[in-house]
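Novice: Could you look at this predicted model? Sequence included:
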Amino acid sequence: MEGYLKKIKSILQVNKYISDFFLRFIDIQNLRKNPEDVVSLKDTFEFNIDLSNYHIASSPYWKQFKNIESDPIFYAEIPDATIVSKGIVVTSKKQVILESTIFQKEYLNELYSNHFVVFNKLLPSRKEHKVLSLQNKLDNNYFHWTMESLFRILVIYENPAFQEYNVLIKDGGSRFMFDSLQFLFQLPKERIITKRLLENIKADKAMVVSFPHIRDERTEMTNTYYPYLIRKFNQLAHKRLQENIKNIKTNMPKNILVSRKNAIERRIVNEDDFLQKLKKFDFNAVYLEELTFVEQVSLFYGAENVIVLHGAGITNIIYGKNPLLIELFPKERKIRDAFYFAQITSALQFKHEVIFYNSYNTEQDVLIDDEMFNKIISKLTD
């Protein structure tokens, strides 16, 4: 097994070197710098992040972000386009649409597919009519799928131009991709299509919707999302729950400990003992990997108190009504990562308490001792 993994690693490394070499032969079109080539959905605007309900025992750099100017939100329809590798949209003039790869060269290069772009005619392909691709470097991460891929559909799904387009996701992608598109945006199965990695799609038209966040010197290269879209997404989810209330479980626990017992890192070493102590506060452990997408939405919609270690599962807080979130955060982790969920709770004005801990081991697991337990309870009963 070890020899097999080394062989795979070597192949990936060679692929990276080849891809890096062929970057010089690629012509890139940055739609954010060419507004004449796009249809505007929303002009630039100024926004702030209200952290008044957010409490953390430090002063991270992102707390200083004030009066941030957005980029425009837009879409473009690219005729006779080829969709290569993980969603790279290439024009008939062989230009790569940078917005299709999370709008920065860094993410294009991390796809290690520049040679596939240059030699795309050598790859097998199939014909489609109109396609909006959600494939990108981070699409299989639940946080990035929600805040970037789903938000791109959020800004376009009611637009008449979108109605003729199929949505492209990766072949073998996580189940939450299908389920979230169907539940939130009511896309029928036939409008959700997939593509293998080494397969091209020749589209009569490819729609490229801008990623609804910024990441540059204004935000010290930290993903910063637009609060109004977080609120809009939250409202849409609540609307869908109300429309489907007869088919949704309503007996979900109100006070939840999100267990990471089945994860490979950031687990509670003494979780069983911790949960036993929490019983008198009417807490139940939940295992998100055992729930369907809709069950997760329903769970967080009804939740009143949530205790969870830092991880993508916290993204579900975006479906809440007014919960208290207690996030356990390893001191060894980059403080930038705490900003991701702070943006969600701040936009929705949920109370959010961050408790730092010293990791128990290299996997950033935590041992809940009496001192930390009392700190958590004090946040619950504050």
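Specialist: Sure, I can see it. Numbering: from 1, shown residues only.
Novice: In three-state terms, label the one residue sitting closest to the centre of the chain for me.
Specialist: Centroid-nearest residue in the chain, with CA atoms, centre = their mean: His144, separated by 1.4 Å. Classification of His144 by DSSP: H, G, I helix; E, B strand; the rest coil places it in helix.
Novice: list the contacts for the nearest residue to it once chain neighbours are set aside?
Specialist: Leaving aside its chain neighbours, His144 sits nearest to Leu138 (3.8 Å; criterion: CB to CB, 6 or more residues apart in numbering). For glycine as for every other residue, the C-beta is placed from the backbone atoms N, C-alpha and C. Applying CB atoms under 8 Å, 6 or more residues apart in numbering to Leu138 gives the contacts Ile102, Tyr107, His144, Trp145, Glu148.
Novice: Look up how far Val308 lies from Leu138.
Specialist: Taking CB to CB, to the nearest Å as the measure, Leu138 falls 21 Å from Val308.
Novice: Same question for Ala76.
Specialist: 38 Å.
Novice: next one: Ser298
Specialist: Ser298 sits 17 Å away from Val308, going by CB to CB.
Novice: Please enumerate the strands of the stretch 1-150 of the chain.
Specialist: For the stretch 1-150 of the chain, the strands defined by DSSP state E, counting those that start in this stretch cover 27-29, 39-42, 46-47, 54-55, 68-69, 73-84, 88-90, 95-97, 125-133.
Novice: Serialize the ones you listed to CSV and add fields for mean pLDDT and mean neighbour count.
Specialist: Converted to CSV, these look like this (pLDDT from 0 to 100; neighbours: other CB atoms under 10 Å):
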stretch, mean pLDDT, mean neighbour count
strand 27-29, 96, 14
strand 39-42, 97, 14
strand 46-47, 98, 13
strand 54-55, 98, 18
strand 68-69, 97, 12
strand 73-84, 98, 21
strand 88-90, 98, 26
strand 95-97, 98, 21
strand 125-133, 98, 18
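Novice: Which elements pack onto the helix or strand bottoming out on mean pLDDT in the chain?
Specialist: Counting by mean pLDDT, DSSP states H and E, the chain has its least confident helix or strand at helix 2-22, which shows a mean of 80. Other helices and strands packing on helix 2-22, by 3 or more CB pairs under 8 Å, 6 or more residues apart in numbering; DSSP states H and E, are helix 114-118.
Novice: Name the residues that touch the helix it packs on?
Specialist: So helix 114-118 is contacted by 18-23, 25-26, 84-85, 88, 90, 96, 108, 123, 198 (CB under 8 Å, 6+ apart).
Novice: quick revisit: what's the most distant pair in the contacts of Leu138?
Specialist: The most widely separated members of the contacts of Leu138 are Tyr107 and Trp145, with 14.8 Å between them, by CB to CB.
Novice: So which of the contacts of helix 114-118 wins on neighbours?
Specialist: For those, the largest number of neighbours (other CB atoms under 10 Å) sits with Val84, at 29 neighbours.
Novice: who touches that one in this structure?
Specialist: Counting by CB under 8 Å, 6+ apart, Val84 touches Val90, Ser113, Phe116, Val117, Asn120, Leu123, Asn200.
Novice: can you check Asp282 too?
Specialist: Contacts of Asp282 (CB under 8 Å, 6+ apart): Pro253, Lys254, Asn255.
Novice: Could you save those residues as JSON lines and add columns showing secondary structure and pLDDT?
Specialist: Below are the contacts of Asp282 laid out as JSON lines (DSSP: H, G, I helix; E, B strand; the rest coil; pLDDT from 0 to 100):
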{"residue": "Pro253", "secondary structure": "coil", "pLDDT": "95"}
{"residue": "Lys254", "secondary structure": "coil", "pLDDT": "96"}
{"residue": "Asn255", "secondary structure": "strand", "pLDDT": "98"}
